[in-house]
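K.L.:
Take this sequence and fold it.
(chains A, B and C, ligands or ions: 2)
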Amino acid sequence: MMATPILQISGLTMDFGGIRALNRLDLEVHAGEIVALIGPNGAGKTTFFNCLTGIYTPTAGEILLTPPGSTKNVSLKGLKPNHVTEKGLARTFQNIRLFSQMTVLENVMIGRHCRTKAFILGAILRNAATRREERQIVEMSYAILDKVGLAHLANEFARNLPYGAQRRLEIARALATEPFLLLLDEPAAGMNPQETQELDRLIKEISTDGHSILLIEHDMKLVMSLSDRIFVMDYGKKIAQGKPSEIRSNPAVIKAYLGEDVDA
Amino acid sequence: MLGFKEIKNGLLVSLWFVFLTFPLMVVKVDPVERIVRWRWENSLYVAIGTFAVFLLVKIIIQRRSRNAAVDKEAEQKKESFIHRVLASPRQKFTLIALLLAVAIVFPLFSSSYQTNVMTTALMYVVLGLGLNIVVGMAGLLDLGYVAFYAVGAYSYALLNHHFDLGFWAVLPIGGGLAAIFGILLGFPVLRLRGDYLAIVTLGFGEIIRLVLENWSEFSKGPSGISNISRPGLFGIEFGLDGAIIYIYYLMIVFMIVTIFIVNRLQDSRLGRAWIALREDEIACQAMGIDKRKTKLVAFSLGAFWAGIIGVVFAAKTTFINPASFTFLESAIILAIVVLGGMGSIVGVIFGALILILLPEYLRALSEYRMLAFGAILVAMMVFRPQGLISNIRRTYHSDKKFPSPTQQ
Amino acid sequence: MAACFRFFFRDPGMDYFIELFCSGLTRGAIYALIALGYTMVYGIIGLINFAHGEIYMIGAFTAFIVATVLSIYGFPLLAIVILAGFAAVIWSSAYGYTVEKIAYRPLRHAPRLSPLISAIGMSIFLQNYVLLAQTSNFLPFPELIPEFAFMEPIAHIVGSTDIVILITTAVIMLILTIVIKGTKVGKAMRATSQDRTMAMLVGINVNRIISATFIIGSALAAVGGLLIASHIGQINFYIGFLAGIKAFTAAVLGGIGSIPGAVLGGLVLGLTESFATGYVSSDYEDVFAFSLLVLILIFKPSGLLGKAETKKV
Ligand SMILES: Nc1ncnc2c1ncn2[C@@H]1O[C@H](COP(=O)(O)OP(=O)(O)OP(=O)(O)O)[C@@H](O)[C@H]1O
Ligand SMILES: [Mg+2]
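P.N.:
Ligands and ions are numbered 1, 2, ... in the order given. This next block holds a predicted model:
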């Protein structure tokens, strides 16, 4: 925990017209950590992810990414989403955004895009290097699908998968980009308790594989079970930060969540 | 199957259409002679036609919802004949060999006129395949595709006219220039939203045509450029009939090469990125795909093919003028892609052959050609957006331990 | 107004300028009328109604047919004008309503490009329908607006038609504003364009409102068709394409979705075209409009009065 954090956010602010969706947020994520980001609906959690991943350009603030084991950091601010992904940060979407007309395997293969090279000539000539690369893409994608438990559905259309499987496919697709930091936006939304339990196991496994994880989630049981640290926000501001046990009893958090089930 | 209610609705709808079409279809005035002709019989045709179409649509919708209710899965499995043939390599190669044999002997058994018509159809196949990269795969609605076709055609016409350059020398230049135009246009416009992109490309297409029409010193204006050389072969010049047959075989070769390349592109890293881009741009970028670059490649590759066929067009007709490059031409190529099935190579081939050959052989229909093209665009979007022959996604298998994907 | 023009009477350069200015305003007013249809439909269902130009063309044709028939049967001019205008509005609206029901309504939840392709198909279909039902030739449009005697002294600068067009357009804009700001339908329209789901939840019949939008937009286009046809004096089946594109340019220029934007865009485009053809070159008349369209979309797609927004992810 003493090393430089892999993700260092300071003063992150995002305005939409007159609305301040994020208000000077600071957050650090260290290598190997699972950090949960929680807060009531509309708190700005997804907006936070969108600013990190280059989908929105934040109004102010700085986002620094330091690959584990390295000391050189890069600023993500103002980078395009694809460049952010290239730097080693991948995400899933709250409202599932799979490529529905493509097969499950192809969805994961898309994730390999930024780590492979073949271009027009390679595609047309299909030379040895291209064939090798394609082979690797397929094999690796299968391996990732196997990890999330979808290998048997590889050649189904993504749109035909059940909801829970679609969420896992989103994770598989993000993993295929070889991120060292994975952002999950409500991965358990819409899952039944059994699926959620499997997801709990899967996320722990991914974490042991060496990916750090930043997680938005409303399912408090899952959050408490998974996270090393919890970051709570409301109306775009940080209201608390700490270990699960601290957050559980934090009065400000309970107030923000009034009416929601916090002590499950 | 169809109850009293449908019949009643059908009658009401036909009554509405009789009203709707009344001024335009019944009344015909001659403002000079000051005569009014009342064509009442048209109202009858409209009524009957509307009623029939209405019932037909109702029956289709009923059957569809019933099928969907009974077994949604079965509906999907019930693949078309063509899909089944393509799925089996033996049958596929037999079919290809057969088609190739027919294509090769075709000019020997038909008149120059028919060969010429077939050549035109083949040109549209290739144009369709080129636009299919842009619209079908990458999902970029390019309504100015014909501009790139014009760039190719005028490249050959002008270079041939001024510098006496031959067909084969200009072929890559025409394709290349069109691709460069594609990049130049694509660079600023490809970040636009889909529908704006469509309108900008339409505007660009019209600008190119208007410039060709008005800049007479450059393009000879509306009267066009004539006496363009036909293509030769290693210095051999052909007579008129010879040239027709030669261009026909040339187009066969071009088409095969195009199919080969487009097929390989579709199954590549690049092709997957195009399709993903069509499906969801934001997810695509979040997966690390460079949106701008990927779109630009699709756009300029499509333009390249249009340029190539433009050169062939100029060489085939030996005369070009701006009237050949109107928006309607773009719309025809779009109709080919939409009818065949966006993203589907086999579909586009069928689409081109149907839309170009049918009006040619059914003379009675040719008057209604553009009317039908418009109707096809609407009907396909409403009833069958995947086209006649939808694209089938390629399946991949692993060499290793993973359970083989269940085929059922 | 006449006095004001007479003030510049002696200066030919100024005369020319005013002439261009007036013809620009006239053009602009008509672009604005058609642009309103694009903007209203876009505001409410996010669709570029490519067939809108054809609705305008059908309006002009209907007016042509009715006016010519009536004049052959010897009706007085005033009756001709009123009946032709009435028929144009009725039939254009009917076509607009029908087109939406056939070609767009089934695609309400389809991918964004599907209704656009359908609209292009509709546009081609309607063009060729008129071509087959009538003729491909240019037809002389009867003179519906007489030369007013009191306009005599400045007739060489500004014609009576221009004045009629400007006044009619202004009146129609006024009525439209009242409808949209004041009536129930107008309020429902604004609600629907802001948030369709929400509008549905508060009990607005969204399909009815969309139909109403198409009907109003088509009626405006019909008036535009009638005015421009009597201004230019001839029509054919293809006039909708160019007018449609130009009106769309006007809508985008002003900021698509914005009603005052459409009017402003129409006037700016009309004046630009008029001055550009008057002072630069008339060969490239349409190139100006297309270039403006391309430039606006590339550099300021939100237009003059539109708001740029971040797409919610
Ligand atoms: N593109 C945008 N334009 C305008 N406002 C936006 C945009 N994106 C988000 N907002 C606003 O920012 C606020 C935060 O939204 P956000 O989606 O980040 O919340 P959230 O914490 O993810 O909520 P939930 O738990 O419901 O997913 C909301 O008020 C939302 O309306
Ligand atoms: Mg959210």
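
K.L.:
Mind telling me what element residue 95 is part of?
P.N.:
All of this refers to chain A. Counting by DSSP states H and E, there is no helix or strand that carries A:Asn95.

K.L.:
Let me rephrase: I mean chain C.
P.N.:
Taking DSSP H and E as the criterion, the element that holds C:Tyr95 is helix C:77-99.

K.L.:
So which other helices or strands are in contact with the helix or strand following that helix?
P.N.:
The first helix or strand that comes after helix C:77-99 along the chain, using DSSP H and E, is helix C:113-133. Secondary-structure packing of helix C:113-133 (3 or more CB pairs under 8 Å, 6 or more residues apart in numbering or on different chains; DSSP states H and E): helix B:194-214, helix B:327-340, helix B:369-383, helix C:52-72, helix C:77-99, helix C:239-254. Quick note: C-beta positions are derived from backbone N, CA and C, even for glycine.

K.L.:
okay, the angle between helix C:113-133 and helix B:194-214?
P.N.:
Using axes from the mean of the first three to the mean of the last three CA atoms, to 10 degrees, one finds that helix C:113-133 and helix B:194-214 are set 40 degrees apart in direction.

K.L.:
Could I get the CA-only coordinates of helix C:113-133 as CSV?
P.N.:
Extracted in CSV, the C-alpha atoms of helix C:113-133 (Å, rounded to 0.1, in the frame of the first residue of the first chain):
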residue,chain,number,x,y,z
LEU,C,113,-30.6,5.1,-39.6
SER,C,114,-33.6,2.9,-40.5
PRO,C,115,-36.2,5.7,-40.5
LEU,C,116,-33.8,7.9,-42.4
ILE,C,117,-33.4,5.3,-45.1
SER,C,118,-37.1,4.8,-45.1
ALA,C,119,-37.5,8.6,-45.5
ILE,C,120,-35.2,8.6,-48.5
GLY,C,121,-37.2,5.8,-50.0
MET,C,122,-40.4,7.8,-49.4
SER,C,123,-38.9,10.8,-51.1
ILE,C,124,-37.9,8.9,-54.2
PHE,C,125,-41.3,7.2,-54.3
LEU,C,126,-43.3,10.4,-54.0
GLN,C,127,-41.2,12.1,-56.7
ASN,C,128,-41.7,9.3,-59.1
TYR,C,129,-45.3,9.0,-58.2
VAL,C,130,-45.9,12.6,-59.2
LEU,C,131,-43.8,12.1,-62.3
LEU,C,132,-45.9,9.1,-63.4
ALA,C,133,-49.3,10.5,-62.4
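
K.L.:
Helix or strand next in line after that helix, which one?
P.N.:
Criterion used, DSSP H and E; the element after helix C:113-133 is strand C:139-140.

K.L.:
tell me which element A:Phe231 falls in.
P.N.:
In the assignment (DSSP H and E), A:Phe231 maps to strand A:229-234.

K.L.:
Pull up the pairing partners for that strand, direction included.
P.N.:
Next to strand A:229-234 in the sheet, as set by DSSP bridges, lie strand A:34-38 (parallel), strand A:237-242 (antiparallel).

K.L.:
ok, which stretches of the stretch 101-250 of chain A are strands?
P.N.:
A:181-185, A:212-216, A:229-234, A:237-242 (DSSP state E, counting those that start in this stretch).

K.L.:
okay, now the domains of chain B?
P.N.:
Per automatic domain parsing, the domain ranges recorded for chain B read B:4-68, B:111-383.

K.L.:
Now do the longest one: distance to the chain's middle.
P.N.:
Taking CA atoms, centre = their mean, to the nearest Å, the mean C-alpha location of domain B:111-383 is offset from the chain mean by 8 Å.

K.L.:
so what's the residue lying closest to A:Phe180 once chain neighbours are set aside up against?
P.N.:
Among residues not flanking A:Phe180 along the chain, A:Gly88 sits closest, at 4.6 Å (CB to CB, 6 or more residues apart in numbering or on different chains). For A:Gly88, the contacting residues are A:Leu65, A:Pro67, A:Glu178, A:Pro179, A:Phe180, A:Leu181, by CB atoms under 8 Å, 6 or more residues apart in numbering or on different chains.
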